[in-house]
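A.B. asks: Predicted model, plus sequence, below.
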2 protein chains.
Amino acid sequence: MIKSVLLDLSGVIYDGNGAIPGALTAVSRLRDCGLRLRFVTNTTRMTKKNILLRLETLGLALTEDELFTPSQAACDWLRIRGCSAHLLVHPNLVEEFAERQGGGTKAVVVGDAGEAFDYAKLNEAFRKLVDGAPLLALAMNRTFKDDDNLLSLDAGGFVKALEYASGTTAIVLGKPSPDFFAGALASIPCDAGQSVMVGDDAEADVSGALLAGIGSALLVRTGKYRTGDETRFTPAPSATVADLSEAADWIIAHRN
Amino acid sequence: MIKSVLLDLSGVIYDGNGAIPGALTAVSRLRDCGLRLRFVTNTTRMTKKNILLRLETLGLALTEDELFTPSQAACDWLRIRGCSAHLLVHPNLVEEFAERQGGGTKAVVVGDAGEAFDYAKLNEAFRKLVDGAPLLALAMNRTFKDDDNLLSLDAGGFVKALEYASGTTAIVLGKPSPDFFAGALASIPCDAGQSVMVGDDAEADVSGALLAGIGSALLVRTGKYRTGDETRFTPAPSATVADLSEAADWIIAHRN
């Protein structure tokens, strides 16, 4: 019995060219079946507000409660512990951590900083880690599909670099963190076993969701999908489908 | 029976302030005992020629044959396979690869590029790896002691980042590669079991040498040594000593 669907955004709903053909109709079809939707993204180059605006421009209006981002999870983590953030993130994301500046233990927060990843900033973050700061990874994604349609380095590698040099193990906030999936499901609420995840990242979206106890996980062949991704990580996808449209067919067929 | 001594340079012979007190006298004492010396460095911010010049300025005259550098090992690797180099190295090091420019399969060569590690260059190297280029790591060192006397990010983390994102496993050319130690020993020649390594890096110098079959390995508490390093990696050092001077005492006492 499927009651809810967790959807990745980049590579599933949209890519560099706008909405992926059929994606918006698929979202409507899932909603019309009475399925509860949550959108779980590891994108860390835009604020939550700007992601919502972008989706609205594409024709997909979401409420704030339907969208889960790693910076939200990181701010929660920092707030609960009374920590502030030493940021190594994209300039666009800085404002999301405004409330976590100032006092308390500093934690190093790493997102997909893009061009802001330079030696001086990485070394500064490394030195905080050597001094005992915790390391929070907004995401561990290896790659993303860049505007030029080629794969580019995502945050994961830079987190690995800092882990290796400092001997610190990162706390991962976004997918595939079981807490991240659990947070999205708790907001419905819905049991993990009655949910399906749809994503283009065979590792963070698909294997990650299954390891977190999500009932099934579908890999789409849009976005950054590359031939063979379905066999690269364990557990393997419940099914590999052409796109979100075909994912919706699968979910609707399997929902009872 | 000890017949030869392999010596690390940075943190053993010199640091940011010049020769480490007692180091040059220790080298002379080892030579005077009839021990054969080889200098094995993972430094990749200077050409071999400039390392020799620096040592000469400090009062240590070496022949070219006594010094082993990772770029030399990398050039050999590339030459044997008819490959050329896509360089992600310190600007100072580029000239050492002059003969490996141009045709043939491109291999990505990563050294301690320092400020030259930026997102654009890392991403360019990553894309070569995605296209199938081999990944050569001049070294995998986690940290080095910088001019400000604090630890800084060394090449290892950046190699890890590229490995993680691309799914490629690096071929390591410098220490702790067994081939690197073997090359230095073959030039004497001396059996690995009859040699001692002295270094300030508990992992690349000490554990690495022991794993490569070197008879014993001494960790000095100079350079980047930090309290507890002797227990951080396996195998543990044969002995941990204050500096090269005390290492020379140990070697001379154990040589028969």
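C.D. replies: Ah, there it is.
A.B. asks: Run me through the strand neighbours of the helix-or-strand element of chain A with minimal mean pLDDT, direction for each.
C.D. replies: Least confident helix or strand of chain A, by mean pLDDT, DSSP states H and E, is strand A:143-145 with a mean of 92. Pairing partners of strand A:143-145, with direction, according to DSSP bridges: strand A:151-153 (antiparallel).
A.B. asks: Now do the buried residues in the strand it pairs with.
C.D. replies: Across strand A:151-153, burial judged by 16 or more other Cβ atoms under 10 Å in any protein chain shown covers A:Leu151, A:Ser152, A:Leu153. For glycine as for every other residue, the C-beta is placed from the backbone atoms N, C-alpha and C.
A.B. asks: who touches that strand?
C.D. replies: With contacts defined as Cβ atoms under 8 Å, 6 or more residues apart in numbering or on different chains, strand A:151-153 is touched by A:143-146, A:224, A:226, B:119, B:122-123, B:126-127, B:130, B:161, B:165.
A.B. asks: Cross these against strands and list the overlap.
C.D. replies: A:Thr143, A:Phe144, A:Lys145 (DSSP state E).
A.B. asks: what's the burial count for the first one?
C.D. replies: Spelled out, it's A:Thr143. When counting by other Cβ atoms under 10 Å in any protein chain shown, one arrives at 22 neighbours for A:Thr143.
A.B. asks: Tell me which stretches of the stretch 51-200 of chain A form strands.
C.D. replies: Secondary structure of the stretch 51-200 of chain A, counting by DSSP state E, counting those that start in this stretch: strands at A:67-68, A:84-88, A:106-110, A:135-137, A:143-145, A:151-153, A:171-172, A:195-199.
A.B. asks: any chance of these in CSV, plus distance to B:Arg81?
C.D. replies: Formatted as CSV, these follow (distance: least, Cβ to Cβ, whole Å):
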stretch, distance to B:Arg81
strand A:67-68, 48
strand A:84-88, 37
strand A:106-110, 36
strand A:135-137, 36
strand A:143-145, 27
strand A:151-153, 26
strand A:171-172, 38
strand A:195-199, 39
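A.B. asks: winner for burial among these?
C.D. replies: strand A:195-199 (a mean of 29; mean count of other Cβ atoms under 10 Å in any protein chain shown).
A.B. asks: Need the CA coordinates for it. CSV is fine.
C.D. replies: These are the backbone C-alpha positions of strand A:195-199, laid out as CSV (Å, rounded to 0.1, in the frame of the first residue of the first chain):
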residue,chain,number,x,y,z
SER,A,195,6.3,5.6,0.8
VAL,A,196,8.1,5.6,-2.6
MET,A,197,11.1,7.7,-3.4
VAL,A,198,11.8,8.9,-7.0
GLY,A,199,15.2,10.3,-8.0
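A.B. asks: Filter the contacts of strand A:151-153 down to the buried ones, PyMOL style.
C.D. replies: Filtering those down to the buried ones (16+ other Cβ under 10 Å) takes a single PyMOL command:
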select buried, (chain A and resi 143+144+145+146+224) or (chain B and resi 119+122+123+126+127+130+161+165)
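A.B. asks: Mind picking the two most distant members of the contacts of strand A:151-153?
C.D. replies: The widest separation within the contacts of strand A:151-153, taken as Cβ to Cβ, falls between A:Arg226 and B:Tyr119 and amounts to 21.7 Å.
A.B. asks: So which bits of chain A are right by chain B?
C.D. replies: A:113-120, A:122-123, A:126-127, A:130, A:142-143, A:150-154, A:156-158, A:160-167 (Cβ under 8 Å from any Cβ of the partner chain).
A.B. asks: Just put the buried residues of strand A:151-153 in CSV and tack on distance to B:Arg36 and pLDDT.
C.D. replies: Formatted as CSV, the buried residues of strand A:151-153 follow (distance: Cβ to Cβ, whole Å; pLDDT from 0 to 100):
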residue, distance to B:Arg36, pLDDT
A:Leu151, 49, 94
A:Ser152, 49, 97
A:Leu153, 45, 97
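A.B. asks: and the residues you listed as JSON lines, adding distance to B:Ile2?
C.D. replies: Output for the buried residues of strand A:151-153, formatted as JSON lines (distance: Cβ to Cβ, whole Å):
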{"residue": "A:Leu151", "distance to B:Ile2": "51"}
{"residue": "A:Ser152", "distance to B:Ile2": "51"}
{"residue": "A:Leu153", "distance to B:Ile2": "46"}
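A.B. asks: Just want the most central residue of chain A.
C.D. replies: Among the residues of chain A, the one closest to the centroid is A:Asn42, at 2.2 Å (Cα atoms, centre = their mean).
A.B. asks: Can you name the residues that contact that one?
C.D. replies: Taking Cβ under 8 Å, 6+ apart as the test, what A:Asn42 contacts is A:Asp8, A:Pro70, A:Leu138, A:Ala139, A:Asn141, A:Gly174, A:Lys175, A:Asp201, A:Ala204.
A.B. asks: Where does the prediction get shaky in chain A?
C.D. replies: Judged by pLDDT under 70, chain A has no weakly predicted residues.
A.B. asks: how about it, which residue sits the furthest from its center?
C.D. replies: Max distance from the centre of chain A (Cα atoms, centre = their mean): A:Asp131, 28.9 Å.
A.B. asks: quick one: it and B:Thr227, what's the gap?
C.D. replies: Shown here: A:Asp131 relative to B:Thr227, a distance of 15 Å by Cβ to Cβ, to the nearest Å.
A.B. asks: Pull the number of nearby residues for A:Arg232.
C.D. replies: A count of nearby residues for A:Arg232, using other Cβ under 10 Å, gives 13.
A.B. asks: give the contact list for the nearest residue to it once chain neighbours are set aside.
C.D. replies: Distances taken as Cβ to Cβ, 6 or more residues apart in numbering or on different chains put A:Ala202 closest to A:Arg232, at 5.7 Å, once the chain neighbours are dropped. Residues in contact with A:Ala202 (Cβ under 8 Å, 6+ apart) are A:Leu219, A:Tyr225, A:Asp229, A:Glu230, A:Arg232, A:Phe233, A:Pro237.
A.B. asks: redo that, cut-off 6 Å
C.D. replies: By Cβ atoms under 6 Å, 6 or more residues apart in numbering or on different chains, A:Ala202 lies in contact with A:Leu219, A:Asp229, A:Arg232, A:Phe233.
A.B. asks: and it, backbone torsions?
C.D. replies: phi -60, psi -20 (degrees, to the nearest 10).
A.B. asks: From A:Phe39, how far off is it?
C.D. replies: 19 Å.
A.B. asks: Could you do A:Thr240 as well?
C.D. replies: 21 Å.
A.B. asks: ok, these two, which is more surrounded?
C.D. replies: Of the pair A:Thr240 and A:Phe39, A:Phe39 is the one with more neighbours under other Cβ under 10 Å, namely 22 against 19.
A.B. asks: Tell me the strands beside the helix or strand harbouring the more buried one, with direction?
C.D. replies: In the assignment (DSSP states H and E), A:Phe39 maps to strand A:36-40. When pairing is defined by DSSP bridges, strand A:36-40 lines up against strand A:4-7 (parallel), strand A:67-68 (parallel).
A.B. asks: Just send those strands back as TSV, with distance to B:Asp249 too.
C.D. replies: Listed next are the strands paired with strand A:36-40 as TSV, based on distance: least, Cβ to Cβ, whole Å:
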stretch	distance to B:Asp249
strand A:4-7	65
strand A:67-68	62
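A.B. asks: give me every residue that touches A:Arg100.
C.D. replies: Here A:Arg100 is in contact with A:Cys75, A:Leu78, A:Ser84, A:Ala85 (Cβ under 6 Å, 6+ apart).
A.B. asks: how about a cut-off of 8 Å?
C.D. replies: Contacts of A:Arg100 (Cβ under 8 Å, 6+ apart): A:Cys75, A:Leu78, A:Arg79, A:Cys83, A:Ser84, A:Ala85.
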